Each structure stands twice: as C-alpha cells, then as structure tokens.
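Asks: Kindly return the folded structure for what I paste below:
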Amino acid sequence: MGIVFRASDEQAKRSVALKVLSPELGLTPRAAERFKREGRMVAELEHPNIVPVYRVGQIGGILFIAMKFVEGRSLDEILDTQGPLPVPAIVLVLRAAARALVFAHERSIIHRDVKAANILIDHDGRVMVSDFGVALRASDITLTTDGAVIGTPGYMSPEQCAGQRATPQGDHYSLGMVAFEMVTGTLPFQADTLAGIMHHHFFTPLPDIRVARDDLPPQLAQIIERLSAKKPADRYPTTRDLLTELESLPLEPAARREAEQLLRRLAKGDAVAAVTTRSLPALPDSPTLQFDAARKPRPRRWVSWKQRAWAGVASAVVVLGLAGWVVFRPAVTAGNASLAGGARQDSGRAVLSPVVPAPARPRPAATGLLRLLTTPSDAEIRIDGQARGSGAVLDLPVVPGNRRLQIRARGYITFDTTITVTADSTISLGRITLRVPEQRP
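Replies: Numbering: from 1, shown residues only. Below you'll find the predicted structure:
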C-alpha cells in the first residue's frame, strides 16, 4: 500500500520512517478523510508494544505517515532468513503482539492488517506492532487502471476476504497465521492464484501443526488452532482472554532470558542455530471455477494484493522533501517495513510546487471480474486489443459482453480466446502458461 523511506524530520531533529501511500490506490476523498481521522485516534495508542506514529497528513494530494524509525528487523525479514523460531521466542512474540492488540481493541481500534511484516523487533529485543489503523477498507479503495491493488492475502481471515466488517476476531485469525508461520517457517495456506488462497481460508482445515514440531507444547498448539478457526465465534471472545491464555504458558526464567537474547541477536541480523521441522502434508488442490450467467457468485469486496512501484511515489517524495522532510532512500519495499505505524494529523507545511496526481478512474458501476495468473510473469494481457496489465496475479474489471482476451510475450505463442463476461460475476482462469514454439529441424 505504500513505500517506506528513512527520513529526517528537520523540525523535530529525529529520524523517522516515512510511509508514502501510492496515488494509484485511488483513495476517495471520504477514505482520505477517514484515514486522517483514524490517524488522530491511533496517535493516542501509547504502549511499549506499539510503534508510535508522529504524524499523518496530506500534502499536494499525497497521503503520508511519519512513524518512529525502529532500529531492528521485521519478523517477516527474520523468518525469511532464519526460518522457524524456538518455542520460547514464539511465546514472547505472541505475548507482546497480544498486549498491543488488547490495548488497541479495548479502545475500539482494529488493526486489520496483522502480519509478520508489521511485527518489528528492535535491537533491545522489544517486540512492537506497527501500522495500527492504517490498513484501509477495500470499499474505500478504487481499482487502479489495470485493476490491481497492492499487498498479500496470506494472513486475511475468511470474513475479511468476504469484505465483512472488521472485528477483533479478524485480528485474532491473522495473528494465528503469524503464529503458524513462526512454528513452521511458512504460512499455512498457499496457492498459485489469489482465488486458491482465498478458497483455503474459507474451506481448507488448518494443517495439523503438531506434525511439524516435536517440541511444540500442546497448549500452544491449541491456542494457534483456536486463533485460526474459520468462524469468528470459535475464536477468543476477547483479546484479553487470548492474552490470559498466552501468559499461562509455562516459561522458565532461564528459557525466557535465552529467548530475549535470541530476539536481540536476530534483530541485529546475527545468525543463530536453525530449528528443525518436519514437512506438513500437502494442501488439497483448490478448484478453479468458471462462472457464467447461469452460475453467478456473490460479488466480493476483497481486493488482491501485489507489490508494485509507482511513478507517483517519486513525485510524492519530491513534494515531501520540499515540505521540510529530508528523504534519504527507500528503507524497505511496500509491506516489508521494519519501521512502523499509528498518528497525529498534520495539515502539511507550505509546498513550493505541489504535485497533484491525476484523479483515479472510478470503477464502472456494472462490471465482471477476470482473475488469472500468467506464465511467464511479464506476459502482457490485452482485452479487445487494449493493454490491461502484465503478469502475476491479476483481478481485472471487465465490461460485460463477449470480449477477446489475448496474452502474449516475446518468444511465446500468443494465447487468444473469447470470454463471455456478465455483470457482477467472476471468471477465474487460474494459471495460463504460454507455449514455446516448436523448433523445426
């Protein structure tokens, strides 16, 4: 949803993590105002396990968030390099994250984007949750020109995938995905397509996490399974109930000290002994569904998430630099911030040459949705002769009717077919692999 830069606040004389939201998100004016209003609420979240946000504002049409710069690493970065964590370290991370969520939930603030990249560990071993209240509702985001929005769905609860109202139990589910990832080194639900991942969240039982580790305490396994329940009512009634159960897990003083030392070393990038795990059984295949007028699914409001870089961000950095920020470089890419989030509204300072992005195109009132994954990943997708995007997982809004779909890439045979699109329906094509021409002798 944004790119995070390390910057210097010249007025406060401190380093900050400056997150610039992409103009391509096409935020409605109402969404932008709610974003800033929630920023004022999040600024009140003063808690040792929550990364403070110093300022949320808008300059020249560019939304930005100024957060504390955390010297350390994100849990996502640690898991990428280290793999699964020892049980005592997992317990410490879960307790800290739960304390942060208790503090927020009891003030009616739902995170909505709990994931490993939003859990940070500083050089002192302190665990902090970032980006509180910053994850916007899908209904507040208009699709970009090619129909893609930014992020990853691996942590989203079934109800969040369905576009339902955010609740504390949605954060519980996401934390369950994080816990599973810390135990096994991988997320439980993965697939080649966005539709496949969503199908697993809705229907596939959580893999038996006990299979992966002999050292996993039964009580911790039960907590993870309850967090990851498909129905919100089967999770914890309150986050304080969750914290109480986490704090009841036995953790000897010596094991705690060792885990704290381990987190400090991991936050500094030190190598530590790897944890051995066993492979989990393969997930069942998620079906690829074809929808037509006779079988029309309920429209869903969730959006696909995918990392991008945008030219608009460069303009935003220029604007913010003129406004009194000294921006050094991208600290991390979108969704991988080891920096962080919460907020005080700032109307912005005087700007010499504000760069105002062109207004995003509104999504047509009645469209169908084309969902597909291409190989090679840089293949160009054309609908009725017009370029609509390239590669990876795409969700494209398409005007109803008979449409010519072409997928092409240099050195491959063009995929050329006709699809019938109906309003408020989804055509899921799954993975389309382009063929290489046969070599003639």
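Asks: give me the number of residues near residue 164?
Replies: 14 (other CB atoms under 10 Å). Every C-beta, even on glycine, is put in place using the N, C-alpha and C of the backbone.
Asks: try the one 5 residues further on
Replies: Using other CB under 10 Å as the criterion, residue 169 is surrounded by 24 other residues.
Asks: can you confirm it is in a helix?
Replies: Yes - the assignment for residue 169 (DSSP: H, G, I helix; E, B strand; the rest coil) places it in a helix.
Asks: Flag every buried residue along stretch 235-243.
Replies: 235, 236, 239, 240, 242, 243 (16 or more other CB atoms under 10 Å).
Asks: ok, and what's touching it?
Replies: If you take CB atoms under 8 Å, 6 or more residues apart in numbering as the criterion, stretch 235-243 is touched by 95, 98-99, 101-102, 105-106, 168-169, 171-173, 223, 226-227, 229, 245.
Asks: Output the longest helix belonging to the protein.
Replies: Counting by DSSP state H, the longest helix found in the chain is helix 87-105.
Asks: Just the CA trace of that helix, in PDB.
Replies: Extracted in PDB, the C-alpha atoms of helix 87-105 (Å, rounded to 0.1, in the frame of the first residue of the first chain):
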ATOM      1  CA  VAL A  87       9.200 -22.100  21.200                       C
ATOM      2  CA  PRO A  88      10.200 -19.600  24.000                       C
ATOM      3  CA  ALA A  89      10.800 -16.900  21.300                       C
ATOM      4  CA  ILE A  90       7.400 -17.600  19.700                       C
ATOM      5  CA  VAL A  91       5.700 -17.200  23.100                       C
ATOM      6  CA  LEU A  92       7.400 -13.900  23.700                       C
ATOM      7  CA  VAL A  93       6.400 -12.500  20.300                       C
ATOM      8  CA  LEU A  94       2.800 -13.700  20.700                       C
ATOM      9  CA  ARG A  95       2.500 -12.200  24.200                       C
ATOM     10  CA  ALA A  96       3.900  -8.800  23.000                       C
ATOM     11  CA  ALA A  97       1.600  -8.700  20.000                       C
ATOM     12  CA  ALA A  98      -1.400  -9.700  22.100                       C
ATOM     13  CA  ARG A  99      -0.700  -6.900  24.600                       C
ATOM     14  CA  ALA A 100      -0.600  -4.400  21.800                       C
ATOM     15  CA  LEU A 101      -3.900  -5.700  20.400                       C
ATOM     16  CA  VAL A 102      -5.500  -5.700  23.800                       C
ATOM     17  CA  PHE A 103      -4.600  -2.100  24.300                       C
ATOM     18  CA  ALA A 104      -6.000  -1.200  20.800                       C
ATOM     19  CA  HIS A 105      -9.100  -3.400  20.900                       C
END
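Asks: Show me what that helix is packed up against.
Replies: On a contact count with 3 or more CB pairs under 8 Å, 6 or more residues apart in numbering; DSSP states H and E, helix 87-105 meets strand 119-122, strand 127-129, helix 168-184, helix 218-227, helix 239-247, helix 253-267.
Asks: pLDDT averaged over that helix - what is it?
Replies: For helix 87-105, mean pLDDT rounds to 97.
Asks: One more: stretch 203-210?
Replies: Averaged over stretch 203-210, pLDDT sits at 92.
Asks: just to revisit the earlier point, how about the longest helix of the chain: buried residues?
Replies: 87-105.
Asks: got the contact list for residue 431?
Replies: Contacts of residue 431 by CB under 8 Å, 6+ apart are 192, 193, 372, 373, 374, 375.
Asks: rewinding a little: now, which of the buried residues of stretch 235-243 sits nearest residue 282?
Replies: Among the buried residues of stretch 235-243, residue 235 lies closest to residue 282 (CB to CB), at 26.1 Å.
Asks: Next, give phi and psi for that closest one.
Replies: phi -90, psi -160 (degrees, to the nearest 10).
Asks: before we move on, back to that, make a markdown table out of the buried residues of stretch 235-243 and add pLDDT and distance to residue 81.
Replies: Output for the buried residues of stretch 235-243, formatted as a markdown table (pLDDT from 0 to 100; distance: CB to CB, whole Å):
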| residue | pLDDT | distance to residue 81 |
| --- | --- | --- |
| 235 | 97 | 31 |
| 236 | 98 | 31 |
| 239 | 97 | 30 |
| 240 | 98 | 33 |
| 242 | 98 | 28 |
| 243 | 97 | 29 |
